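Enquirer: Okay, sequence plus prediction incoming.
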Amino acid sequence: MPLEIEVEGLRKTFGRREVLKGLSFGLERGGFLSIFGPNGAGKTTTLRVLATLLTPGAGKVSVAGHDVREDPMPVRRTIGLISHNPMLYLDLTAQENLRFYGDMYGIEDRDARIDELLDRLELSHRRYDVVRTYSKGMRQRLAIARAILHRPRVLLLDEPHSGLDPRAVDILDGLLAEIRDEHTFVMVTHNIAKGLEWGSRLMIIENGRIAYEHAAGVDPDAFVAVYREHVQEGSVL
Amino acid sequence: MSGWRQFMAILRKDLIRELRTREMIISMILFVLLAMVIFHYAFAVKEDVDLTYFTGGMLWVTFIFAMLLGLNRSFAQEKDERCLDGLLLCPVDRVTIFFAKTAGNLIFLLIIQVVAVPVFTLFFVQRGYGADIVLFVVVLLLADMGICALGTLLATISMNTRSRDLLLPIIFLPLIVPLLIAATAATTTIFATGASFGATATRLLFLLGFDAVFMVAAYGTYDFAIGE
Amino acid sequence: MKKLVSAPVLFAAAGVLLVTGLLLAFLYSPIDASTMGYSQKIFYYHAPIAETALLAFGISFVAAIMYLRSQNDKWDRLGVVSIRLGLLFSILVMATGMIWGKAAWGTWWDWEPRLTTFLLVCFLYTAYFVLRSVVEEEQRRATFAAVFAIIAFIDVPITFFATRFLPAGMHPTVITASGTGMPGSMFFPFFISMIGMTLLLVALIRRDLVVEELRDRVADLKHSIGG
């Protein structure tokens, strides 16, 4: 069965700095990849390449069967990105934000879908308020709604738990649990517990290369030791 | 057609945002009215100076500088909260973004022109004719198209640089001079001499050509301007 | 063949042609019959410099398109070099034009189409360098510069057309020297100067490209040492 995400020899240079030095990995459909690594290692860059926000300098990257460089449009339809920037228009209401993205993704049942998500994320009571008035946790919840509005098969998460209040963490986890099947995930995180809890594959990226890669089920203490070795004492930019 | 739906979505989003905050429009209108006062004092060096022949020039200079203000603002908003990323994640042709942004900027420019033109003519034009309003509107629309298309393309580039506010005038103004020449000449002909279509035909055709050429250029290069 | 078109050879050839052109201009061509007299002779440099400047910008236009298609740095270098030289030549056009204007008509400046176009061209391509200076990442800088170079070059003929045909109440241009209907005795030195100037441009581009490439390599080395 073809892999949902295939990365082969991915290189990326910004100016003179080579941030990604030849990454290769694959993720099967339904898999959950947890990526750890020190700051500046290239984790977010990798995610952004998968999201088609950056083009690969060299190498081949395909998501859901489409090459991100040759054929980015179908890729965009199948992915959703949740990062610590909510990517929401502050002066628009929740409803207006979601309607906008609904139109941009060409969703057929736009309004019904918006109602459904606002309910699920417990934001219905604030749907007509501008996002500027939202707390950080609420913005993050709305960002989740934005990301899954178009029912993407692949979810890319960049430190999604950071800065969330406990309630929001619960809602996020609940949502992830609900859609865990039939979806493929790539999550960049500094939260070892969450990464181990969710991941079916674990990866540490260090200095633009894969320093460690393993299927889930490792002994947590052993992993923490490896993590410490690469992330906390590993080279940091 | 999904391209149209996306175009309308972006346009609607920008209009709602502007109508709600009124940031751009209010500053642009204030700018325009202040410009009028400043022009008066800049040129009124003698008693009873007749500025009719200069009205066209003053109007277009004012519009171009007001547009620079507006363009900076409209793209700064996309950079906040990384909304531009959100937009680029969508399965949308980058050129659709260009057309939608240009259309939005065009609407804002028209709004301030609706205010500015009557006020300027009231204060500066001292001739009695009914100038050919229809012809003037044609000039307005053609020139606006060029200003907005070129301005949107260049603002997309400049917002991605270090000193975005400062860069935009430097790259925009030299390019817009030919349009300024044509628009000013046509406007002056209409207001100051009450001329009709024949006299302004060359300038109208030029504006049309200018718009077409730069639209095509923007269409071809916008992917590169907005990327990464 | 490479030896024949290497920079020193080109410079020599250019030098010979330009000096020849100058000598011919002064000794061979007739003195202009109109009021301009001797000062008309500056035309033999002024016009070739102008046309060479435009040639340089044309090269930058092609280089920009090629860069956008290939992302190869060498096209970006060619763009920078040709625009820099084009800018230099444009300033010379204005300088020679202004000298000519002063000598022939007594004024340093006139808002006539050609001078005005070159003035705007100078602003335009200076803006190119300003743009480059505020983008830090190399690939983005080259991409934006290429987009701007394309737009700018398209604007040059448009600007000339606008300054020539559109302004209100414009008196017809007085300078009529640059026509193709030149008598042979005037055309020949002009032609020699023209070739010489073009060769000079090519020589300068070649030399500058080498300098630019070295500069980039040094920067790369510095970066990898951690400088």
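Expert: Yep, it's here. Residues are numbered from 1 along each chain as shown, chains lettered A, B, ... in the order given.
Enquirer: Correct me if wrong: B:Met58 contacts B:Phe120.
Expert: Yes - with contact defined as CB atoms under 8 Å, B:Met58 reaches B:Phe120; the gap is 6.7 Å. Every C-beta, even on glycine, is put in place using the N, C-alpha and C of the backbone.
Enquirer: if I look at those two, which residues touch both of them?
Expert: B:Met36 (CB atoms under 8 Å, 6 or more residues apart in numbering or on different chains).
Enquirer: In chain C, which residue is most central in space?
Expert: The residue lying closest to the centre of chain C (CA atoms, centre = their mean) is C:Ala53, at 1.3 Å.
Enquirer: Tell me the buried residues in the strand or helix carrying that one?
Expert: In the assignment (DSSP states H and E), C:Ala53 maps to helix C:43-70. By 16 or more other CB atoms under 10 Å in any protein chain shown, the buried positions in helix C:43-70 come out as C:43-57, C:59-68.
Enquirer: give me the number of residues near the residue in chain B positioned nearest to chain C?
Expert: The nearest approach of chain B to chain C comes at B:Pro178, 3.6 Å away (CB to the nearest CB). Burial measure for B:Pro178: 26 neighbouring residues, criterion other CB atoms under 10 Å in any protein chain shown.
Enquirer: Show the average pLDDT along whichever strand or helix holds it.
Expert: Assigned by DSSP H and E, B:Pro178 belongs to helix B:164-193. Computed over helix B:164-193, the mean pLDDT rounds to 90.
Enquirer: Buried residues, that helix. List them.
Expert: B:164, B:167-192.
Enquirer: how far does the helix or strand bottoming out on mean pLDDT in chain A sit from the chain's center?
Expert: Ranked by mean pLDDT, DSSP states H and E, the weakest helix or strand in chain A is helix A:220-227, scoring a mean of 83. The chain centre lies 23 Å from the centre of helix A:220-227; the measure is CA atoms, centre = their mean, to the nearest Å.
Enquirer: swap in stretch C:63-72?
Expert: 21 Å.
Enquirer: Stretch B:38-49 too?
Expert: With CA atoms, centre = their mean, you get 26 Å for stretch B:38-49.
Enquirer: what sits up against stretch B:102-121?
Expert: Outside stretch B:102-121, the residues touching it (CB under 8 Å, 6+ apart) are B:7, B:10-11, B:14-15, B:18, B:24-25, B:28-29, B:32-33, B:36, B:55, B:58-59, B:62-63, B:66-67, B:70-71, B:74, B:140, B:144-145, B:147-149, B:151-152, B:191.
Enquirer: got the CA coordinates for that stretch in PDB?
Expert: What follows is stretch B:102-121 as a C-alpha-only set of coordinates in PDB (Å, rounded to 0.1, in the frame of the first residue of the first chain):
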ATOM      1  CA  THR B 102      -6.500  44.400  -6.500                       C
ATOM      2  CA  ALA B 103     -10.300  44.600  -6.600                       C
ATOM      3  CA  GLY B 104     -10.400  45.400  -2.900                       C
ATOM      4  CA  ASN B 105      -7.800  48.100  -3.200                       C
ATOM      5  CA  LEU B 106      -9.700  49.500  -6.200                       C
ATOM      6  CA  ILE B 107     -12.900  49.700  -4.200                       C
ATOM      7  CA  PHE B 108     -11.100  51.600  -1.400                       C
ATOM      8  CA  LEU B 109      -9.500  54.000  -3.900                       C
ATOM      9  CA  LEU B 110     -12.900  54.700  -5.500                       C
ATOM     10  CA  ILE B 111     -14.400  55.400  -2.100                       C
ATOM     11  CA  ILE B 112     -11.900  58.000  -1.300                       C
ATOM     12  CA  GLN B 113     -12.100  59.500  -4.800                       C
ATOM     13  CA  VAL B 114     -15.900  59.900  -4.500                       C
ATOM     14  CA  VAL B 115     -15.100  62.100  -1.500                       C
ATOM     15  CA  ALA B 116     -12.000  63.800  -2.900                       C
ATOM     16  CA  VAL B 117     -13.100  64.800  -6.400                       C
ATOM     17  CA  PRO B 118     -16.100  67.000  -5.500                       C
ATOM     18  CA  VAL B 119     -14.200  68.600  -2.700                       C
ATOM     19  CA  PHE B 120     -11.200  69.400  -4.800                       C
ATOM     20  CA  THR B 121     -13.300  70.700  -7.700                       C
END
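Enquirer: ok, A:Thr78 to C:Phe161 distance?
Expert: 49 Å (CB to CB, to the nearest Å).
Enquirer: ditto for B:Asp85
Expert: 41 Å.
Enquirer: before we move on, what about A:Gly80?
Expert: Taking CB to CB, one finds A:Gly80 at 50 Å from C:Phe161.
Enquirer: and chain C, which residues reach chain A?
Expert: C:Glu136, C:Glu137, C:Glu138, C:Gln139, C:Ala219, C:Asp220, C:His223, C:Ser224 (CB under 8 Å from any CB of the partner chain).
Enquirer: want to throw the residues you listed into a markdown table with secondary structure?
Expert: Shown next, in a markdown table, are the residues of chain C next to chain A (DSSP: H, G, I helix; E, B strand; the rest coil):
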| residue | secondary structure |
| --- | --- |
| C:Glu136 | coil |
| C:Glu137 | coil |
| C:Glu138 | helix |
| C:Gln139 | helix |
| C:Ala219 | helix |
| C:Asp220 | helix |
| C:His223 | helix |
| C:Ser224 | helix |
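Enquirer: Is the residue of chain B most remote from its centre part of a helix or strand, or is it coil?
Expert: In chain B, the residue that sits farthest from the middle, by CA atoms, centre = their mean, is B:Glu47; the gap is 33.1 Å. Classification of B:Glu47 by three-state DSSP places it in coil.
Enquirer: returning to that earlier point: which one's more surrounded, A:Gly80 and C:Phe161?
Expert: Counted by other CB under 10 Å, A:Gly80 and C:Phe161 do not tie: A:Gly80 has more neighbours, with 23 against 18.
Enquirer: Name the residues linked to the more buried one by a beta bridge.
Expert: A:Leu155 (DSSP bridges).
Enquirer: distance of it from chain C?
Expert: 27 Å (CB to the nearest CB, to the nearest Å).
Enquirer: who touches the closest residue in space to A:Ile5 that isn't next to it in sequence in this structure?
Expert: Closest residue to A:Ile5 apart from its sequence neighbours, by CB to CB, 6 or more residues apart in numbering or on different chains: A:Leu27 at 4.2 Å. A:Leu27 makes contacts with A:Leu3, A:Glu4, A:Ile5, A:Leu33, A:Thr184, A:Val186, A:Arg201, as judged by CB under 8 Å, 6+ apart.
Enquirer: repeat that with 6 Å
Expert: A:Glu4, A:Ile5, A:Leu33 (CB atoms under 6 Å, 6 or more residues apart in numbering or on different chains).
Enquirer: that older thread, wait, the residue of chain B closest to chain C sits on C:Ala162?
Expert: Yes - with contact defined as CB atoms under 6 Å, B:Pro178 and C:Ala162 form a contacting pair (3.6 Å).
Enquirer: how about low-confidence regions in chain B?
Expert: Per-residue confidence for chain B (pLDDT under 70) gives these ranges: B:1, B:126-131, B:194-195, B:228.
Enquirer: name the helices or strands packed onto the helix or strand of chain C with the lowest mean pLDDT?
Expert: Least confident helix or strand, chain C: helix C:7-23 with a mean of 72, by mean pLDDT, DSSP H and E. When contacts are defined as 3 or more CB pairs under 6 Å, 6 or more residues apart in numbering or on different chains; DSSP states H and E, helix C:7-23 sits against helix C:184-225.
Enquirer: Try it again at 10 Å.
Expert: helix C:43-70, helix C:184-225 (3 or more CB pairs under 10 Å, 6 or more residues apart in numbering or on different chains; DSSP states H and E).
Enquirer: Would you reformat those helices as JSON lines and include mean pLDDT and distance to B:Val213?
Expert: As requested, the helices and strands packed on helix C:7-23 are exported to JSON lines (pLDDT from 0 to 100; distance: least, CB to CB, whole Å):
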{"stretch": "helix C:43-70", "mean pLDDT": "91", "distance to B:Val213": "14"}
{"stretch": "helix C:184-225", "mean pLDDT": "83", "distance to B:Val213": "27"}
